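Colleague: Coordinates for the following, if possible.
(one chain, ligands or ions: 1)
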Amino acid sequence: MKFELPKLDYTNDALSPIMSQETLELHHGKHHQTYITNLNNFIKDTDMSQLPLEDIILKSSKEKSSVGIFNNASQHWNHNLFWKCMKPKGGGKIPPKLEKRIISDFGSIDKFKNDFKQAGITQFGSGWCWLSINNGKLVISKTANAANPLIEDMKPILGCDVWEHSYYIDYRNRRPEYLEKFVDNLINWEFVESQLD
Ligand code: FE2
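Modeller: Residues are numbered from 1 along each chain as shown. Model prediction:
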């Protein structure tokens, strides 16, 4: 199976000024594309070439010699989710079903938002912060580099990329401001809610 760059549900300038056209062109068109090109090259003519992406991630995560495959496969999966988690004029009111689950598992929306942003701020170096379902409960976590919660048997439903390529053009070194804007102005809560089932 040859993997391809997914089309965005919005134009490259649609998230501006929260996330600029330049950032999206580079991040989606170059960085994400590179992960896919590398992945396709790595798995060409191997037993992984016919597997679905999730299976490649799980299989390669268990084999030290497959670290290159894992990094590129996982980053492809992570970015697929990331693009879906954003929309123009996002943020705002969380739909009722998801809101109820968040309040039940974190105590309040404010506590959840704060903990999610803190996970992103405190991720040392490149990585991701996540909202996932773990044994039926919502949990926040952070991972380094390409790793994602799938390999810990969780289902990520919201992911924020905190690699510098995600925010450096628009926010320079101000990762906390980027996370603040991501939560308040970019998250597609309807999509996140749709991942609960
Ligand atoms: Fe990225």
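Colleague: What about the residue of the chain found nearest the ion, how many residues nearby?
Modeller: The nearest approach of the chain to the ion comes at Asp161, 4.1 Å away (Cβ to the ion). C-beta here means a position set from N, CA and C on the backbone, and glycine is covered the same way. Per other Cβ atoms under 10 Å, the neighbour tally for Asp161 reads 25.
Colleague: That one - nearest residue in space that isn't next to it in sequence?
Modeller: Excluding its sequence neighbours, the residue lying closest to Asp161 (Cβ to Cβ, 6 or more residues apart in numbering) is Phe82, at 5.2 Å.
Colleague: ok, now Ser132?
Modeller: Nearest in space to Ser132, with sequence neighbours left out and distances taken as Cβ to Cβ, 6+ apart, is Met154 at 4.0 Å.
Colleague: Centre of the chain to the longest helix along the chain, how far?
Modeller: Ranked by residue count, the top helix of the chain under DSSP state H comes out as helix 67-84. Put simply, helix 67-84 sits 8 Å off its chain's centre (Cα atoms, centre = their mean, to the nearest Å).
Colleague: ditto for stretch 160-179
Modeller: Worked out by Cα atoms, centre = their mean, stretch 160-179 lies 14 Å from the chain centre.
Colleague: So for that stretch, what gets flagged as buried?
Modeller: Cys160, Asp161, Val162, Trp163, Ser166, Tyr167, Ile169, Asp170, Tyr171, Arg175, Tyr178, Leu179 (16 or more other Cβ atoms under 10 Å).
Colleague: Take these and write them to TSV, including pLDDT.
Modeller: Output for the buried residues of stretch 160-179, formatted as TSV (pLDDT from 0 to 100):
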residue	pLDDT
Cys160	98
Asp161	98
Val162	98
Trp163	98
Ser166	98
Tyr167	98
Ile169	98
Asp170	98
Tyr171	98
Arg175	98
Tyr178	98
Leu179	98
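Colleague: out of those residues, which are inside strands?
Modeller: Cys160, Asp161 (DSSP state E).
Colleague: Redo the buried residues of stretch 160-179 as CSV? Include distance to Lys59.
Modeller: Putting the buried residues of stretch 160-179 into CSV (distance: Cβ to Cβ, whole Å) gives the following:
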residue, distance to Lys59
Cys160, 26
Asp161, 24
Val162, 26
Trp163, 24
Ser166, 27
Tyr167, 32
Ile169, 35
Asp170, 36
Tyr171, 36
Arg175, 32
Tyr178, 33
Leu179, 32
